[in-house]
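Engineer: Prediction below, plus the sequence it came from.
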Amino acid sequence: MTILVAGATGNVGRELVARLAAEGRRVRALTRDPSRAVPPEGVEVVGGDLTRPDGLAAAFDGVTALHLITLSGEEGTPLRTGPEIAALAERSGVERVTVLWSGFSGGVEAAVEASGMEWTMLQPQEFMSNALTWADSVRRDGTVREAFPEVRSAVIDEADIAAVAAKALTEPGHHGRRYTMTGPEPLTVPDRVRILSEAVGRPIRFVELDRGQALRRLLDEGVDRENAEFVVGWHADPPPEAYTVSPTVARVTGRPANRFADWAARHAAAFTG
């Protein structure tokens, strides 16, 4: 079995590549920029762009299981090449596919569902790794600036998403499943700031933004208005799935989902360097 992991330098992709390699699986890591990849020993890195599937034949050669993303790289726009990717995967002999849902329904999901491959949809809610966007301000002046301090989210560790993906790619019984995934506890942003402060061993101050300030920050970072308004609206009023704890990670992996404190301890260096 050769497993191709798309988005291999992303937060989930890196974890999935590492997990599969640790299990002794034959892994091929697909990334638009191979120079960014620092894979475990034995992992093959290949360059390729899901927006240009006509150039991916070599990457898919001999692949029997596939992990897909649904957004186009750093641009964060939904992929429009789902039918071409699914057709290439089937021609190449891919039998199982996991699709990492992005919050936007797009062509990748529909094309994979319509194919003859065994598929599993991974539908995590808010990632713990979103906290990495705070790293610069924490290092600079010990602050986290966010809106909606009363809103709770059961954030999930990207390592847990990867653990579920690894099971679905390598074991039977996951075909046709849509796995909503969360962490084990609904937390507000101030809750997460407090936990992160304990992990890094220094005080971190929470500064509340209003909705307009949160929107302006995204626009200033280059996010287009439609996506910026979607993100701000989601954080202002997330769906129940985002704050209702899901048992998926425990059911699929056989162990409890990681707490935010676990994630913070692993990533403390990012906030202190």
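Structural biologist: Looks like it came in fine.
Engineer: So which residues make contact with stretch 24-41?
Structural biologist: 1-9, 13, 17-18, 20-22, 42-49, 56, 59, 63, 73, 170 (Cβ atoms under 8 Å, 6 or more residues apart in numbering). For the C-beta atoms, the positions are set from N, CA and C on the backbone; glycine is no exception.
Engineer: can you do 6 Å?
Structural biologist: Applying Cβ atoms under 6 Å, 6 or more residues apart in numbering, the set of residues contacting stretch 24-41 from outside is 2-6, 8-9, 17-18, 20-21, 43-49, 59, 73.
Engineer: Flag the shaky bits of the stretch 1-150 of the chain, pLDDT-wise.
Structural biologist: Filtered on pLDDT under 70, the stretch 1-150 of the chain yields the residue ranges 73-76, 104-106.
Engineer: Strands along that one, start to end?
Structural biologist: For the stretch 1-150 of the chain, the strands defined by DSSP state E, counting those that start in this stretch cover 2-6, 26-31, 44-47, 65-69, 71-72, 77-78, 96-100, 118-124, 143-147.
Engineer: next structured bit after the last one?
Structural biologist: Downstream of strand 143-147, the first helix or strand assigned by DSSP states H and E is helix 158-170.
Engineer: Could you check that following helix and say which residues are buried?
Structural biologist: Buried residues in helix 158-170, counted by 16 or more other Cβ atoms under 10 Å: 158-169.
Engineer: Closest one of those residues to residue 118?
Structural biologist: Distance to residue 118, by Cβ to Cβ, is smallest for residue 168 among the buried residues of helix 158-170, at 8.8 Å.
Engineer: May I have the residues that are in contact with the closest one?
Structural biologist: Contacts for residue 168 (Cβ under 6 Å, 6+ apart) come out as 98, 120, 174.
Engineer: Top of these by number of neighbours, please.
Structural biologist: residue 98 (29 neighbours; other Cβ atoms under 10 Å).
Engineer: and it, what is it in contact with?
Structural biologist: Going by Cβ under 6 Å, 6+ apart, residue 98 touches 67, 120, 122, 165, 168-169.
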